[in-house]
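Colleague: A structural model of the following input is requested.
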Amino acid sequence: MTHTSTFRRPPALRRSWMFVPGMDAAAQAAGLASGTDALVADLEEFTAPVERPAARPRIAALFATCRAQGVVAAVRINKLEDDGLADLRGVMPGAPDAVFLPHAESAAQIVALDAAISALESELGLPAGSTEIVPTLESALGLVRAYDILTASPRVSACLLAAEDLTASLGAERGKDGIELHAVRARFLVDCTAAGCVPIDCPFNYRDLPALETDLRWARRLGLKSKCATVAEQVPLIHAVFTPSADDVDAARDRVARFEAQRAGRHDAERIDPPTYNTARRLLARHDQFERWAAERRAQAVPQQGDSA
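Modeller: Sure thing, here's the model as predicted:
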């Protein structure tokens with residue numbers, strides 16, 4: 001078996017993580033057709049316990065389809081003390097790029113998952129360390145322990161913030177404006193940044209695209225650049241907001257040029273303040289990341305999902 005981790009989309013450029021049920025072929029096909037950067041086959045919430053034995057080999061086979069289309073292949077297993085070890089043994093022959101662990105509340109859970117993955121990588125002849133771990137924070141306790149959880153293993157590449165279970169843990173009231181989770185999402189970003197992993201923003205569980213766009217633009221303003229989705233129709237909008245557009249890039253280049261002109265002493269240039277200049281430079285740096293990645297993929301002739309909206 002060839003594991004194509006060399007050509008895996010970098011975590012920082014994974015804008016969307018589309019969750020699909022483990023036994024629903026139509027939903028999996030729709031998820032891939034959405035253009036998502038990463039597909040997450042779910043063995044926890046979206047797959048009934050009685051269906052998990054049949055779903056595991058189906059998901060292992062799905063990973064090859066994902067990679068053939070340039071999509072990061074991921075799976076969410078159950079907690080190890082539940083069906084997680086059986087889930088892991090069932091899907092690892094397919095060489096998942098990333099394994100999501102739900103209800104992460106301690107570093108010990110991550111250490112145990114790392115050990116289980118390492119044993120299976122060795123047994124199956126997979127490259128050591130090639131399987132990423134993505135914890136999911138779904139409770140107040142998980143949030144308080146976030147940094148310890150995220151630094152418990154070098155495999156941790158990203159972390160997902162839950163929505164419904166977390167809101168229940170906090171006793172908050174849900175709403176389309178997302179106000180109840182704003183403070184939590186800001187804290188989550190800080191913890192992930194400090195730990196050196198990518199924060200995956202919580203799903204927007206309403207079928208309201210204008211409200212989703214408002215939420216995404218708030219998240220982008222905060223600094224978030226990656227989001228979970230459970231509805232395939234949301235993926236193009238997630239990409240549109242989290243990918244610098246041609247107009248964004250042109251405007252950023254203009255602001256940088258104007259600021260540098262005024263710093264050089266040209267007083268006729270329209271004034272650009274340092275925060276605006278710094279924001280423009282960060283946008284251009286992200287645009288360059290996407291451009292370099294696309295060029296690398298073209299050079300290697302590896303299929304990829306589009307990096308534009």
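Colleague: poorly predicted segments of the chain, please.
Modeller: The chain contains residues with pLDDT under 70 at 1-6, 268-269, 302-309.
Colleague: okay, now the domains of it?
Modeller: Domain ranges of the chain: 11-242, 246-300, per the TED database.
Colleague: redo those as CSV? Include mean neighbour count.
Modeller: C-beta coordinates here come from the backbone N, C-alpha and C atoms, glycine included. Formatted as CSV, these follow (neighbours: other Cβ atoms under 10 Å):
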stretch, mean neighbour count
domain 11-242, 19
domain 246-300, 14
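Colleague: alpha carbons only: can I get stretch 237-244 in CSV?
Modeller: The C-alpha coordinates for stretch 237-244 follow below in CSV (Å, rounded to 0.1, in the frame of the first residue of the first chain):
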residue,chain,number,x,y,z
LEU,A,237,-19.0,29.6,1.2
ILE,A,238,-16.4,28.5,3.8
HIS,A,239,-13.8,28.5,1.0
ALA,A,240,-14.9,31.8,-0.3
VAL,A,241,-14.5,33.5,3.0
PHE,A,242,-11.3,31.7,4.1
THR,A,243,-9.5,32.1,0.8
PRO,A,244,-8.1,35.5,-0.2
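Colleague: ok, residues contacting that stretch?
Modeller: 15-16, 35, 37, 209, 212-213, 216-217, 220, 225-227, 229, 252, 283-284, 286-287, 290, 307-309 (Cβ atoms under 8 Å, 6 or more residues apart in numbering).
Colleague: now do the phi/psi pair for Asp42.
Modeller: phi -100, psi 120 (degrees, to the nearest 10).
Colleague: who's in contact with it?
Modeller: Asp42 neighbours (Cβ under 8 Å, 6+ apart): 19-22, 75-76.
Colleague: swap the cut-off to 6 Å and go again
Modeller: 19, 76 (Cβ atoms under 6 Å, 6 or more residues apart in numbering).
Colleague: state the distance from it to Thr136.
Modeller: For Asp42, the distance to Thr136 (Cβ to Cβ, to the nearest Å) stands at 11 Å.
Colleague: my read is that Ala211 contacts Lys176, right?
Modeller: Yes - using Cβ atoms under 6 Å as the test, Ala211 is close enough to Lys176 to be in contact (4.4 Å).
Colleague: put the alpha carbons of the helix or strand where Arg258 lies into CSV.
Modeller: Per DSSP states H and E: Arg258 is located in helix 246-263. Extracted as CSV, the C-alpha positions of helix 246-263 are listed here (Å, rounded to 0.1, in the frame of the first residue of the first chain):
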residue,chain,number,x,y,z
ALA,A,246,-8.3,38.4,-6.2
ASP,A,247,-9.9,41.7,-5.0
ASP,A,248,-8.6,41.0,-1.5
VAL,A,249,-5.1,40.5,-2.8
ASP,A,250,-5.1,43.6,-5.1
ALA,A,251,-6.4,45.7,-2.2
ALA,A,252,-3.7,44.3,0.2
ARG,A,253,-0.9,45.0,-2.3
ASP,A,254,-2.2,48.5,-2.8
ARG,A,255,-2.2,49.1,1.0
VAL,A,256,1.3,47.7,1.4
ALA,A,257,2.6,49.9,-1.4
ARG,A,258,0.9,53.0,0.0
PHE,A,259,2.3,52.4,3.5
GLU,A,260,5.8,51.8,2.2
ALA,A,261,5.6,54.9,0.1
GLN,A,262,4.6,57.0,3.1
ARG,A,263,7.3,55.4,5.2
